[in-house]
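Asks: Pasting the sequence and the predicted model now:
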Amino acid sequence: MCEKTHFHVFSALLAGFLLVQLCACFKYNGTYKSLIEIPSDVPAECAVIDLSHNSIFGLRSDDFTHVTQCTSLDLSNKISTVEDFTFRGLINLLRLYLCNNFISVIKEEAFNGLDNLLQLYIHTNPIVHVPLGILTTSTNAVFFI
């Protein structure tokens, strides 16, 4: 369910002109919905997607290709592996929550394309393999492992 949560008004003074941009911020609330896969009905304009507390075991590389406006994604579920290019399309993602899953393996290209990622929460997982250099996504990133 996508909820229009609030609006932000951004303004800037450029060459003596006041520019105002209205930005609608949306949240997709998919918590406690007994989901077993990423829903296909998440609107493209959703900035916050919360799919925590479901029964999602796996992710596909095309699950997030249409939600390019997403800045925060919570996938605290039952995920066991993070495959290559899983988060392709999330070009504006700043925060990724993968905590409290069953992740033991993270593939080398799993976070490929997350150039704007600032926070990765991946604690409380039985991780046994993380390829060298996988967490070099962003120079300002903070990882909670």
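Replies: Yep, that arrived. Residues are numbered from 1 along each chain as shown.
Asks: Next one: I49 from V128, what distance?
Replies: Using CB to CB, to the nearest Å, I49 is found at 28 Å from V128. For glycine as for every other residue, the C-beta is placed from the backbone atoms N, C-alpha and C.
Asks: Name the residue in these two with the higher neighbour count.
Replies: Shown here are I49 and V128; by other CB atoms under 10 Å, I49 has more neighbours (27 against 9).
Asks: before we move on, which element is the nearest residue to that one once chain neighbours are set aside in?
Replies: Distances taken as CB to CB, 6 or more residues apart in numbering place Y28 nearest to I49, at 4.6 Å, with adjacent residues excluded. In this assignment (DSSP states H and E), Y28 forms part of strand 17-29.
Asks: For the next helix-or-strand element following that strand, which strands pair with it and how are they oriented?
Replies: Scanning forward in sequence from strand 17-29, with DSSP H and E defining helices and strands, the next element found is strand 48-50. When pairing is defined by DSSP bridges, strand 48-50 lines up against strand 17-29 (parallel), strand 72-74 (parallel).
Asks: Could you count how many residues lie near S104?
Replies: 13.
Asks: just L98 next, same as before
Replies: 26.
Asks: Please list all residues in contact with it.
Replies: With contacts taken as CB atoms under 8 Å, 6 or more residues apart in numbering, L98 has the following neighbours: L75, S76, I79, V82, L120, Y121, I122, N125.
Asks: Kindly recompute the last result at 10 Å.
Replies: Contacts of L98 were listed using CB atoms under 10 Å, 6 or more residues apart in numbering, and they are 59, 73-77, 79, 82, 86-87, 106, 110, 120-125, 127, 144.
Asks: Of the residues you listed, keep whichever come out buried.
Replies: Neighbour counting by 16 or more other CB atoms under 10 Å classes 59, 73-77, 79, 82, 86-87, 106, 110, 120-122, 125, 127 among these as buried.
Asks: Narrow the contacts of L98 to those in strands?
Replies: By the criterion of DSSP state E, membership of the contacts of L98 in strands covers L73, D74, V82, I106, L120, Y121, F144.
Asks: Point out the least confident one among these.
Replies: pLDDT across those is at its lowest for F144, which sits at 62.
Asks: which residue packs closest to H129, ignoring adjacent ones?
Replies: V105 (5.1 Å).
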